[in-house]
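Undergrad: Predicted model follows, preceded by the sequence.
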Amino acid sequence: MGYTNRQPPEGINNVETGWQRDFVILVVGFFAVMALLIWLLVQVLGWSARWVPFSWEQALTRSLEETLEPNEQQVYLQTFADQLAEAGGLDESLSIVVHYEDRKTVNAFATLGGHVFILRGLLEEVETEQALAFVLAHEIAHVHYRHPVRAASRQLGFTVVMAMVFGRTDVGTLVGTGGHMAMLDYSRKQELEADAWALHAVHNLYGHVEDADALFRWLDQQTTSPPAWLSSHPNTRERIQYLNALAQEHGYPLEGETTPLPAWAQD
Amino acid sequence: MELLLSIQLIGPVVFVLLLLATGFFSGRYLERKHYARIIEDETAPGQVMVFAERLPPPRLPAPQTQLVMGSVVISVDYYKRFIAGLRQLIGGRLNSYESLIDRARREALLRMRAEAKKLGAQQVFNIKFETAAISGRGRENSVGSLEVLAYGTALIDGR
Amino acid sequence: MLLSNLEIVPGRKVKEHLGLVQGSTVRAKHVGRDIAASFKNVFGGELKGYTELLNDSREEAMSRMSAQAEAIGANAVLNVRFSTSSLTQGAAELFVYGSAVVLED
């Protein structure tokens, strides 16, 4: 009766399959499927947001209304916005509340509940009423197309689904980045959509679109902008070209009389 | 500001890709080296013999008995963890972890055998294994590391 | 290949002891099964999908152990033990080991 040890051969408990198979099947196949799913998810979420009643948005942003201080600038901007909304044909169920903020940044943005923010820096940079009209109309267009709520629902829904499927893993990080890229692509499309609506509104109000691209021309002179596919906004030069092409297509006169902004905005 | 945003977005991707490449190459290199050493040690002449039988054969004079054990904590590389993370979505065999755990088990057994050899034993009976996953860095979803313990009773002949 | 968790085989003599043989496999369940199981978790009852998965894996671990035993010239594995450990969330390792022996005919 012998007691010996014999060495079993290799490759029984660890099958060498080569990394290529795993890599190709998993990484490539998986990311192709994921890209499709992300695209579908973002699409569906953005689309379904249109059934969120506007009153919900307003209820959610009630605190913003309380911070509203009606000074000279705010009243001017509000009246102006109402005119533009009428000229552009803002959906009747929606309403605009303009806020003026005393900050140096050149920016304007629209958020949930029809709240539009105009910053002091922007007013200092634009010189004519027509230039301001385009920016304001652009933000109103976001409200009109309900972009803020669509973006919010995409962001929220996407985050929840990702957390459910992946948890906090590296795969989740990568797929999440992919999703954000998809959302950026969306955001760029929405900007163009809003540009078109705004151009239309400005034309309806003044009969021409002179200076509509004034802010873009100014932006174009500023340097340091990331490549378009990483940005939430399209390339500035492309936007100028897009506006020109739109004006030509609809026969909007590119030149006309411009009005300077009131004195308080010029300092 | 936009530039900052884009760095925020691209940064993690570059970071993960870098870790993946590092994990892939270092993991393969270390695994080959480890296997080579394991096989060399296992087939070394005069290596202590191991058996899963509960009872050693009766013999005279009765040998001394002594509990011996060997353990190892081994970590999975970034690439394997990533592949395993993907694998978990579609299910199936996790090849990358199989080789990991095989190495760990054989290493633990070798350490136990080394201990037995130090005691002057020729055979170890009733080998048992214990495996535990030790999570690293508090992340719920990934194996940080893995502990394997091998233990058995060494038979030490005469003194 | 005879597998048994007895020390001996009744009526047959062990001719040679060849040492430890082991088989292991790591399997992951997929998300689809996971979601189905999470519904089942509410009502209780057997998770058929998981039972099947673990059985398949155990079969494979056993066949790997048998392959090792056969390769070193044994015709039986005695004192077989199973051990299951959860490596990571959603993946389990099935491990089986035993003593490879040559039985007399």
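TA: Nice, I can see it. Everything quoted here is computed from the prediction, not taken from an experiment.

Undergrad: Does chain A have contacts with the worst-scoring helix or strand of chain B on mean pLDDT?
TA: Lowest by mean pLDDT, DSSP states H and E among the helices and strands of chain B is helix B:78-90, with a mean of 77. Yes. Helix B:78-90 is in contact with chain A by Cβ under 8 Å from any Cβ of the partner chain, via B:78, B:81, B:82, B:83, B:85, B:86, B:87, B:89, B:90. Every C-beta, even on glycine, is put in place using the N, C-alpha and C of the backbone.

Undergrad: quick one: strands adjacent to the helix or strand following that helix?
TA: Downstream of helix B:78-90, the first helix or strand assigned by DSSP states H and E is strand B:92-93. Take DSSP bridges as the rule and strand B:92-93 pairs in its sheet with strand C:14-28 (antiparallel).

Undergrad: Give the buried residues for the partner strand.
TA: C:14, C:16-28 (16 or more other Cβ atoms under 10 Å in any protein chain shown).

Undergrad: Am I right that residue B:149 sits in a helix?
TA: No. The assignment for residue B:149, made by DSSP: H, G, I helix; E, B strand; the rest coil, is strand rather than a helix.

Undergrad: How about it: which residues does it bridge to?
TA: Beta-bridge pairing of residue B:149, defined through DSSP bridges, involves residue B:71, residue B:130.

Undergrad: what about the helix or strand residue C:53 falls within, average pLDDT?
TA: Assigned by DSSP H and E, residue C:53 belongs to helix C:48-71. For helix C:48-71, the mean pLDDT works out to 90.

Undergrad: Surely residue C:28 is in contact with residue B:85?
TA: No. Counting by Cβ atoms under 8 Å, residue C:28 does not reach residue B:85; the two are 9.5 Å apart.

Undergrad: so who does residue C:77 touch?
TA: C:1, C:2, C:3, C:4, C:21, C:65, C:66, C:69, C:98, C:99, C:100, C:101 (Cβ atoms under 8 Å, 6 or more residues apart in numbering or on different chains).

Undergrad: Using a markdown table, please lay out the residues you listed together with distance to residue A:176.
TA: Formatted as a markdown table, the contacts of residue C:77 follow (distance: Cβ to Cβ, whole Å):
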| residue | distance to residue A:176 |
| --- | --- |
| C:1 | 49 |
| C:2 | 53 |
| C:3 | 47 |
| C:4 | 52 |
| C:21 | 45 |
| C:65 | 42 |
| C:66 | 45 |
| C:69 | 48 |
| C:98 | 46 |
| C:99 | 50 |
| C:100 | 49 |
| C:101 | 54 |
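
Undergrad: Just the closest of these to chain A, please.
TA: Nearest to chain A among those, counting by Cβ to the nearest Cβ, is residue C:21 at 6.2 Å.

Undergrad: Mind listing the residues bridging to that closest one?
TA: residue C:98.

Undergrad: Could you pick out the residues of chain C near chain B for me?
TA: C:7, C:17, C:19-20, C:22, C:24-33, C:53, C:78-79, C:81, C:83, C:85-91, C:93, C:95, C:97-99.

Undergrad: Give me the buried subset of the residues you listed.
TA: Buried members of the residues of chain C next to chain B, scored by 16+ other Cβ under 10 Å, are C:17, C:19-20, C:22, C:24-31, C:33, C:53, C:78-79, C:85, C:87-91, C:93, C:95, C:97-99.

Undergrad: Spell out whether the least confident helix or strand of chain B and chain C are in contact.
TA: Yes. Using Cβ under 8 Å from any Cβ, helix B:78-90 reaches chain C at B:84, B:87, B:88, B:89, B:90.

Undergrad: Enumerate the positions of that helix that are buried.
TA: Across helix B:78-90, burial judged by 16+ other Cβ under 10 Å covers B:78-90.

Undergrad: what about the closest residue to residue B:113 other than its chain neighbours, distance to residue B:124?
TA: Nearest non-adjacent residue to residue B:113, counting by Cβ to Cβ, 6 or more residues apart in numbering or on different chains: residue B:48, 4.3 Å away. Going from residue B:48 to residue B:124 by Cβ to Cβ, to the nearest Å gives 6 Å.

Undergrad: quick one: least confident helix or strand in chain C?
TA: Lowest mean confidence among the helices and strands of chain C (mean pLDDT, DSSP H and E): helix C:31-43, at a mean of 71.

Undergrad: repeat for chain A
TA: helix A:19-22 (a mean of 70).

Undergrad: Tell me which helix or strand comes right after that one, heading toward the C-terminus.
TA: Assigned by DSSP H and E, the successor of helix A:19-22 is helix A:30-48.

Undergrad: so what does that next one touch, helix or strand wise?
TA: Here helix A:30-48 touches helix A:147-166, helix A:170-206, helix B:78-90, going by 3 or more Cβ pairs under 8 Å, 6 or more residues apart in numbering or on different chains; DSSP states H and E.

Undergrad: element containing the residue nearest the centre of chain B, please.
TA: Here the mean C-alpha position of chain B is nearest to the C-alpha of residue B:104 (Cα atoms, centre = their mean), at a distance of 1.4 Å. Residue B:104 is part of helix B:95-118, with elements assigned from DSSP H and E.

Undergrad: helices and strands around that helix, which ones?
TA: Using 3+ Cβ pairs under 8 Å, 6+ apart, helix B:95-118 sits against helix B:2-42, strand B:49-50, strand B:64-75, helix B:78-90, strand B:123-134, strand B:145-156, strand C:14-28, strand C:91-103.
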